[in-house]
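**Q** only geometry, no sequence info:
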């Protein structure tokens with residue numbers, strides 16, 4: 001009779017032990033937003049932390065789901081190794097295109113023993129929104145390109161100035177040489193002309209001198225012949241008188 005009140009308590013304790021479920025708590029952390037460019041790749045990290053688990057350290061398996069504008073499905077990372085690749089705890093998506101825009105969820109599945117109540121339990125992350133952008137020039141790239149163009153223009157300007165200065169200098173040098181050669185040629189011609197004139201003048205003087213001497217000789221001969229005639233006539237006259 002004394003033990004009767006303790007029977008319901010004992011039965012309740014046994015039922016509580018049977019219905020007790022060992023549950024593990026897992027926290028999944030992933031970034032909220034990531035940007036990618038067309039034809040490039042993006043890596044989505046997924047970190048899972050076991051907060052509490054009475055059955056020890058369970059084995060974690062990561063699965064990925066994507067929610068797009070018109071559809072949602074689990075990613076087949078084994079069937080599409082070129083497109084999707086698991087790198088440690090990250091999901092790598094290659095060859096990005098506009099069709100890859102969406103929200104990617106990381107799900108952690110507990111792979112415990114067959115009899116464990118935790119087996120197959122999943123914990124989801126908050127999701128990562130992936131936005132794929134077309135390739136465009138960034139501000140830094142535009143500034144770099146503008147700087148390169150300005151540097152090229154500056155180099156071309158300096159080179160043009162150097163070429164102009166050298167060309168002008170060489171032109172002036174050639175002009176000076178031409179003037180000097182022209183002056184020399186002119187002076188040489190003048191000297192030659194003077195020499196020719198002097199030579200002609202000398203020849204003319206010689207000719208005129210020779211003509212004068214010939215005339216003088218002929219006049220002297222004429223004078224002598226006249227004197228001879230006069231003397232002969234005087235002699236004949238004297239002979240006639242005496243005869």
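**A** Received it, and whenever you're ready, just let me know what you need. Since this is a predicted model, take the numbers as computed values, not measurements.
**Q** Next secondary structure element downstream of the lowest-mean-pLDDT helix or strand in the chain?
**A** The helix or strand of the chain with the poorest confidence is helix 6-19; it has a mean of 35 (mean pLDDT, DSSP states H and E). Going down the chain from helix 6-19, the next helix or strand is strand 25-29, by DSSP states H and E.
**Q** After that next one, which helix or strand is next?
**A** Next along the chain after strand 25-29, taking DSSP H and E as the criterion, comes strand 33-37.
**Q** What strands flank the helix or strand just after that next one, and is each parallel or antiparallel?
**A** Helices and strands here follow DSSP H and E; after strand 33-37, the next one along the chain is strand 42-45. Sheet pairing of strand 42-45 (DSSP bridges) gives strand 90-93 (antiparallel).
**Q** neighbouring contacts of the partner strand?
**A** Contacts to strand 90-93, defined as CB atoms under 8 Å, 6 or more residues apart in numbering, come from residues 36, 41-46, 64, 75, 77, 83-86, 100, 104, 106, 130. C-beta: built from backbone N, CA, C; applies to glycine.
**Q** what's the model's confidence in that strand, averaged?
**A** Across strand 90-93, pLDDT averages out at 93.
**Q** Can you give me the buried ones in that strand?
**A** 90, 91, 93 (16 or more other CB atoms under 10 Å).
**Q** So which of those is the closest to residue 125?
**A** Closest to residue 125 out of the buried residues of strand 90-93 is residue 91 (11.1 Å), distances taken as CB to CB.
**Q** ok, that closest one to residue 130 distance?
**A** Distance from residue 91 to residue 130, counting by CB to CB, to the nearest Å: 10 Å.
**Q** Now list whatever residues contact both of the two.
**A** Overlap of the contact sets of residue 91 and residue 130 (by CB under 8 Å, 6+ apart) consists of 44, 104.
**Q** Now, of the contacts of strand 90-93, which are buried?
**A** Among these, those buried by neighbour count (16+ other CB under 10 Å) are 36, 42, 44-46, 64, 75, 77, 83-84, 100, 104, 106, 130.
**Q** Of those, just say which sits nearest to residue 204.
**A** residue 36 (108.6 Å).
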